[in-house]
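# I would like to see how this sequence folds:
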Amino acid sequence: MTTDTDPEVREELRASVRRWVEREVLPVASDLEHADEYPEAIVEQMKAMGLFGITIPEEYGGLGLDLLAYIAVVEELAAGWMSLSGIVNTHTIAASLLMLQGSVEQRARWLPRLATGELRGCLSLSESDAGSDTNNIACRAARDGDEYVINGTKMWVTNGERAGLVALAARTDEGITCFMIEKKPGPRFEGINVSRNIPKLGYRGLETVEMVYDGHRVGADCVLGGLAGLGHGLGFILGALEVGRINIAARAVGVARAAFEAAIKYAQERRTMGKPIAEHQVIQHKLADMATKLQAARLLTEHAAVLKQRGERVDVEAGMAKLFASEAALDIATECLRIHGGVGYTTELPVERYYRDAPLMIIGEGTNEIQRLVIARGLLRRYAV
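Numbering: from 1, shown residues only. So this is what the prediction gives:
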């Protein structure tokens, strides 16, 4: 990981992104989201701001900032439109895999283009029968001389069509291996086909696809970490998913913050029985609970990011942050809708978008049921008697 970032630099970046979100994202987010339209112009601005290279070291052309700076940006993006943070997330996981496990040649080959956003990364782990059960991966990579031939179907690949670099989990003779597969963005490239774009309740405006590998060939130099990485891919990916879970927690904080701020503003404007509803005790109780959950979620997320930045194992802390923040986001989004009443149920305000986006964080990067198992098993290891 990169070195710690000066707190003032972090806050300057957060403030800059917040101003940009208010100016460029909020005016168009609802229209793009309802149309399920990819935000091409916004993504180009994100590239220009360096947001695809936040944690990539400066020697590779990135900003070289730490995870606290990264989650600050993620929170700001998600508060404006959660889908934008998803565009950055899987890209950052692919970059993290290279930074942590890639060979010298692999880092030099891909990180500079990932840092600028010229090359977009994504993660391809899940299959129809291998979601939470990652050991059930069936996608196969068979050795053929100096190449591997890949066959199989992958599900739930965020950014899969537009990505140019796929971190793919496939089974080899040595076990599950991670391949870094470069392709041209688009629905088809050699033996890779995007078979369908999966429609979603929320998290709209970016693609979540099924990808079919039919005899696709890659060189042995695409094995993450070189030939020494054969059979170690699942461990590599699960380690990188700690960053992904911290990202999910930060996204949840962003959505929760947007919902809370909308609720407390509306509560002071809406009047019933001759006074603002914010003066009714039942509404005050809701606002107090919402703010408390939001602050707790943010602190858990920051704590996990600090420990990960130090290079510590954070399966427990990242799981706790993801679990609590995602549940808090759904609770806060629900209470926001209830405080708004009928107008919150319409598509005229973003309240309904928060309500549709929040459940993704409960499911994404490992369901919360799986998080509880991860947390419990980690705690039992730490406190073994």
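# and stretch 147-155, how far from the chain's centre?
24 Å (C-alpha atoms, centre = their mean, to the nearest Å).
# avg pLDDT for it?
Average pLDDT, stretch 147-155: 97.
# what does stretch 309-326 give?
96.
# okay, buried residues for that stretch please.
Neighbour-count burial for stretch 309-326, counted by 16 or more other C-beta atoms under 10 Å, picks out 309, 314-326. The way it works is simple: take the backbone N, C-alpha and C, and place the C-beta from them, glycine included.
# which residues sit against it?
Under the contact criterion C-beta atoms under 8 Å, 6 or more residues apart in numbering, stretch 309-326 has outside partners 1, 4, 66-68, 242-243, 245-246, 248-250, 252-253, 256, 296-298, 300-301, 303-304, 307-308, 358, 361-362, 365-366, 368, 371-372, 374-375, 378-379, 382.
# so who does the closest residue to E190 other than its chain neighbours touch?
Spatial nearest neighbour of E190, excluding adjacent residues (C-beta to C-beta, 6 or more residues apart in numbering): H216 at 5.8 Å. Residues in contact with H216, defined by C-beta under 8 Å, 6+ apart, are 149-151, 181, 190-192.
# can I take it that H216 is in a strand?
Yes - assessed with DSSP: H, G, I helix; E, B strand; the rest coil, H216 lies in a strand.
# measure it to C139 for me?
Noted for H216: a distance of 11 Å to C139, by C-beta to C-beta, to the nearest Å.
# and if you look at L123?
Plainly put, L123 is 13 Å away from C139 if you go by C-beta to C-beta.
# tell me the pLDDT at the closest residue to G152 other than its chain neighbours?
Excluding the flanking residues, the one nearest G152 by C-beta to C-beta, 6+ apart is C139, at 2.8 Å. pLDDT for C139: 97.
# look up phi and psi at C139.
phi -50, psi 130 (degrees, to the nearest 10).
# my guess is it contacts M211, does it?
No - taking contacts as C-beta atoms under 8 Å, C139 lies outside contact range of M211: 9.7 Å.
# which one's more surrounded, those two?
Neighbour count, other C-beta atoms under 10 Å: between C139 and M211, M211 has more, with 26 against 22.
# next, the more buried one: phi, psi?
When read as degrees, to the nearest 10, the backbone of M211 gives phi -120, psi 130.
# specify the beta-bridge partners of it.
Per DSSP bridges, the residues bridged to M211 are K154, V194.
# my guess is it meets K154, correct?
Yes - applying C-beta under 8 Å, one finds M211 in contact with K154, separated by 4.7 Å.
# between those two, what contacts are shared?
By C-beta under 8 Å, 6+ apart, the residues touching both M211 and K154 are 124, 160.
# in this structure, which spans are strands?
Using DSSP state E, the strands of the chain run over 121-124, 140-144, 147-158, 165-172, 175-182, 188-189, 192-197, 208-219, 271-272, 275-276.
# any idea which of these is most buried?
With neighbours defined as mean count of other C-beta atoms under 10 Å, these peak in mean count at strand 121-124, which reaches a mean of 28.
# export that strand as PDB, just CAs?
Below are the C-alpha coordinates for strand 121-124, written out as PDB (Å, rounded to 0.1, in the frame of the first residue of the first chain):
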ATOM      1  CA  GLY A 121     -10.200  -2.800 -14.600                       C
ATOM      2  CA  CYS A 122     -12.800  -5.200 -13.200                       C
ATOM      3  CA  LEU A 123     -13.100  -8.300 -11.000                       C
ATOM      4  CA  SER A 124     -14.600 -11.500 -12.200                       C
END
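# sorry, back to before: buried ones from the contacts of stretch 309-326, can you make that a PyMOL selection?
Here is the PyMOL command that picks out the buried ones among the contacts of stretch 309-326, judged by 16+ other C-beta under 10 Å:
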select buried, resi 66+67+68+242+243+245+246+248+249+250+252+253+256+297+298+300+301+303+304+307+308+358+361+362+365+366+368+371+374+375+378
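# ok, back up a step: for the residue nearest to E190, give me the pLDDT.
98.
# go on, the one 5 residues further on?
Among the per-residue scores, D221 shows a pLDDT of 96.
# same thing with G342?
Confidence score, pLDDT, at G342: 96.
# report the distance from stretch 133-144 to the chain centre.
24 Å.
# again, but for stretch 219-235
Its chain's C-alpha centre and that of stretch 219-235 lie 24 Å apart, by C-alpha atoms, centre = their mean.
# do stretch 344-352 as well
Counting by C-alpha atoms, centre = their mean, stretch 344-352 comes out at 24 Å from the chain centroid.
# in that stretch, what counts as buried?
Applying 16+ other C-beta under 10 Å to stretch 344-352 flags 344, 349-352 as buried.
# show me these that map onto helices.
Taking DSSP state H, the ones among the buried residues of stretch 344-352 that sit in helices are 351-352.
# related to what we said a few turns ago, need the residues touching each of C139 and M211.
With C-beta under 8 Å, 6+ apart, C139 and M211 have common neighbours 153-154.
# and for the chain, the residue most distant from the center?
Distance from the C-alpha centroid of the chain, by C-alpha atoms, centre = their mean, peaks at G274 (44.4 Å).
# give me the phi and psi for that one.
Per-residue torsions, G274: phi 80, psi 10 (degrees, to the nearest 10).
# relative to I283, how far out is it?
Distance from G274 to I283, by C-beta to C-beta: 15 Å.
# same thing with I71?
From I71 over to I283 (counting by C-beta to C-beta), the distance is 30 Å.
# have a look at the two and say which one is more surrounded.
Set side by side, I71 and I283 show more neighbours around I71, with 29 against 22, by other C-beta under 10 Å.
# ok, now which ones touch the more buried one?
246-247, 249-250, 301-302, 305.
# where does this structure have low pLDDT?
1 (pLDDT under 70).
# no more questions from me, cheers.
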